[in-house]
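Asker: predicted model and sequence below, questions to follow.
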Amino acid sequence: MSQPQEFEKVLTGSATTVAQFEEPKSGLKKLQHMLHGNPALVPLIVLVALVLFFGIAKGERFFSAYTLTLIMQQVAVVGILAAAQTLVVLTAGIDLAIGVIMVFSFVIMGNAVLSYGLPWPLAILAGFAMAGFWGFVNGFLVSRLKLPPFIVTLGTWNIVMAICLIYSANETMREADLTAITGALHIFGTPIKIGGAVITLGVLAMIGLYVALWYMLNYTAFGRHIYAVGDDSDAADLAGIRSNNILLKTYTLAGLIAGLAAWVSIGRNGSISPSTVTTDYNLQAITATVIGGISLFGGRGSILGVLFGTLIVGVMSMGLNMLNADPQWKVLLTGGLIIGAVAVDQWIRKVSG
């Protein structure tokens, strides 16, 4: 037998597998991996714990259909804004102007009906157009001019707030005046009775939005591209994803969702008051987003977790009110939850393949 043949025989007769040594995972490591694969699990656990705590503290009063549906009604607007904020944060950005864009949008809707006599469909369309425009502006400055999202949206927050107050002269549009012309602006305040519970169309709009965004983020190319850009925009570009276009579309979509929040807010509050431009909707939306498990570093998190985060804020607020606790406890606990959520996110991100 020739030397090459002998060499080939030795190779073919040799073991082709390499011994693998896998270190057994501890319980903590298993938990870390589980939370990494299910980012909505942490806010869900916190939500269940809060519900049980306040339920035990207040008994049947807290678990009544009235209380639980009231919580849903109270968080509908913030929940919609948090959904818009989530899309931006998933791209590793942030939108500090989302709240004032919403306020400017419903001021446009109200004035279009009262001052200009436009039919309500055109008034609603004008409000959505204004919200989408400012979302587009934010997206253009971030994606095309490469300006930092924090600085861009901080600037547009001031600009939109000033324009809104100047345009409206800070005058409140009363519910009676709006209803006398059209009741369509208040449609999302329409109550629906389901058994012993009463919810509004605004709550259904919020739930429908989350279902739609969950499908988009998980089952469409655009949704997966949002995650890819947030995880690593350079790698996304190398993979053929046009990161600039994804950012522009994401900020614009966030603006349009703020327009939906404006319409729901009219139904929730009745009147339209430009003074709510100073209300910190931005902070509330960011709070729900972070508590909901969306990573501020982008590319990781579940939209369903944000819904749980929104409900956490609502349950905590309602529970503390029912316990007659000092309002500052809500502020303190919210701050603790934000820090805790970021700490958990950092821990989960350290999970190894």
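Answerer: Right, received. Where do you want to start?

Asker: list the contacts of residue 76.
Answerer: By C-beta atoms under 8 Å, 6 or more residues apart in numbering, the contact list for residue 76 reads 188, 200, 202-203, 205-206, 264, 268. Placement of C-beta: from N, CA and C, glycine included.

Asker: let's go with 10 Å and repeat that
Answerer: By C-beta atoms under 10 Å, 6 or more residues apart in numbering, residue 76 lies in contact with 188-189, 199-207, 209, 261, 264-265, 267-268, 310, 314.

Asker: okay, now residue 172: neighbour count?
Answerer: 14 (other C-beta atoms under 10 Å).

Asker: please begin residue numbering at 45 from this point
Answerer: Sounds good: first residue 45 from here, last item residue 216.

Asker: not counting sequence-adjacent ones, nearest residue to it?
Answerer: Setting aside the residues directly before and after it, residue 216 is nearest to residue 317 in space (C-beta to C-beta, 6 or more residues apart in numbering), at 4.4 Å.

Asker: and what of residue 87?
Answerer: Among residues not flanking residue 87 along the chain, residue 352 sits closest, at 3.8 Å (C-beta to C-beta, 6+ apart).

Asker: likewise for residue 150?
Answerer: Nearest residue to residue 150, sequence neighbours excluded (C-beta to C-beta, 6+ apart): residue 306, at 3.7 Å.

Asker: so what's the residue count around the one you found?
Answerer: 29.

Asker: double-check that it belongs to a helix.
Answerer: Yes: counting by DSSP: H, G, I helix; E, B strand; the rest coil, residue 306 is part of a helix.

Asker: from residue 313, how far off is it?
Answerer: To residue 313, residue 306 is 11 Å away according to C-beta to C-beta, to the nearest Å.

Asker: again, but for residue 392
Answerer: For residue 392 relative to residue 313 (C-beta to C-beta), the value is 38 Å.

Asker: neighbour count: those two, which is higher?
Answerer: Ranked by neighbour count (other C-beta under 10 Å), residue 392 and residue 313 place residue 392 first, with 20 against 15.

Asker: what sits against the more buried one?
Answerer: 75-81, 83, 86, 337, 339, 344 are the contacts of residue 392 under C-beta under 10 Å, 6+ apart.

Asker: of these, which is the most crowded?
Answerer: Busiest of the contacts of residue 392 [other C-beta under 10 Å] is residue 337, holding 28 neighbours.

Asker: was I right about it contacting residue 86?
Answerer: Yes: using C-beta atoms under 10 Å, residue 337 is in contact with residue 86, at 5.5 Å.

Asker: need the residues touching each of these two.
Answerer: Joint contacts of residue 337 and residue 86 (C-beta under 10 Å, 6+ apart) are 79, 349, 352-353, 385, 388-389, 392.

Asker: make a markdown table out of the residues you listed and add distance to residue 168 and pLDDT.
Answerer: Shown next, in a markdown table, are the shared contacts of residue 337 and residue 86 (distance: C-beta to C-beta, whole Å; pLDDT from 0 to 100):
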| residue | distance to residue 168 | pLDDT |
| --- | --- | --- |
| 79 | 41 | 69 |
| 349 | 30 | 94 |
| 352 | 30 | 94 |
| 353 | 28 | 93 |
| 385 | 35 | 83 |
| 388 | 40 | 81 |
| 389 | 37 | 77 |
| 392 | 41 | 78 |
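
Asker: can you tell me which of these is closest to residue 191?
Answerer: Among the shared contacts of residue 337 and residue 86, residue 389 lies closest to residue 191 (C-beta to C-beta), at 25.5 Å.

Asker: excluding residues flanking it in the chain, which one is nearest that closest one?
Answerer: Distance criterion C-beta to C-beta, 6+ apart; nearest residue to residue 389, sequence neighbours excluded, is residue 339 at 5.1 Å.

Asker: how about the one you found, secondary structure?
Answerer: coil.

Asker: need the contact list for it.
Answerer: Here residue 339 is in contact with 83, 133-134, 136, 274-275, 345, 385-386, 389-390, 392-393 (C-beta under 10 Å, 6+ apart).

Asker: how about the host helix or strand of the residue nearest to residue 87 as CSV, C-alpha atoms only?
Answerer: Element membership of residue 352, judged by DSSP states H and E, is helix 347-366. Taking C-alpha atoms only, helix 347-366 is exported to CSV below (Å, rounded to 0.1, in the frame of the first residue of the first chain):
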residue,chain,number,x,y,z
ILE,A,347,-44.5,45.3,22.5
LEU,A,348,-46.6,43.1,24.8
GLY,A,349,-44.2,43.9,27.6
VAL,A,350,-45.0,47.6,27.1
LEU,A,351,-48.7,46.9,27.5
PHE,A,352,-47.9,45.2,30.8
GLY,A,353,-45.7,48.1,31.7
THR,A,354,-48.5,50.5,31.0
LEU,A,355,-50.9,48.5,33.2
ILE,A,356,-48.2,48.4,36.0
VAL,A,357,-48.3,52.2,36.1
GLY,A,358,-52.1,52.2,36.1
VAL,A,359,-52.5,49.5,38.8
MET,A,360,-49.9,51.1,41.0
SER,A,361,-51.6,54.5,40.8
MET,A,362,-55.1,53.1,41.4
GLY,A,363,-53.9,50.8,44.3
LEU,A,364,-52.1,53.6,46.1
ASN,A,365,-55.1,55.9,45.7
MET,A,366,-57.3,53.3,47.2
